[in-house]
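Colleague: sharing a model prediction with you, sequence too.
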Amino acid sequence: MPKITSRNPRDILNEIKWRALDTSRCEVFYIHRGAPNDTKVVRGDEINEIGPSFFILRGGTMIPYHRIFRIAYEGKVVYDRVNR
């Protein structure tokens, strides 16, 4: 697994994108009220755009970065928010 050096979700997603890593191996876990365990997971290749305050999925759904609580690459956690 490549070493991810960024510290916040937006920078991590940008680092994965700009280093041309396989985004399909990235999983983003975020809070989604009403979903089982209030959690949804998307693969990195489902992300259409990385904006300044949120990322946009294919289809136009906008997810604010403050909802992200974990990012994994190849099954290894590269970001884990302590206070969920």
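Modeller: Alright, I've got the coordinates. Numbers count the residues shown, from 1 in each chain.

Colleague: ramachandran angles for the residue located most distally from the centre of the chain?
Modeller: The C-alpha centroid of the chain is most remote from G34, which lies 19.4 Å away (Cα atoms, centre = their mean). Main-chain dihedrals, G34, degrees, to the nearest 10: phi 100, psi -20.

Colleague: again, but for N14
Modeller: Main-chain dihedrals, N14, degrees, to the nearest 10: phi -60, psi -40.

Colleague: low-confidence stretches in this structure?
Modeller: Across the chain, the ranges flagged by pLDDT under 70 are 1-2, 5-6, 83-84.

Colleague: give me the most central residue, it.
Modeller: Residue closest to the average C-alpha location in the chain (Cα atoms, centre = their mean): V28, at 3.4 Å.

Colleague: now do the contacts for that residue.
Modeller: Neighbouring residues of V28 by Cβ atoms under 8 Å, 6 or more residues apart in numbering: 9, 13, 41-44, 47, 55, 63, 68, 70-71. Any C-beta I mention is one placed from the backbone N, CA and C, and that applies to glycine too.

Colleague: at 7 Å what do you get?
Modeller: Contacts for V28 (Cβ atoms under 7 Å, 6 or more residues apart in numbering) come out as 41-42, 44, 68, 71.

Colleague: check the gap between it and H66 for me.
Modeller: Computed with Cβ to Cβ, to the nearest Å, the distance linking V28 and H66 is 13 Å.

Colleague: find the nearest non-adjacent residue to T39, please.
Modeller: F29 (6.0 Å; Cβ to Cβ, 6 or more residues apart in numbering).

Colleague: so what pairs up with V77 in the strands?
Modeller: Beta-bridge partners of V77, counted by DSSP bridges, are A72.

Colleague: residues near F54, how many?
Modeller: For F54, the neighbour count with other Cβ atoms under 10 Å is 16.
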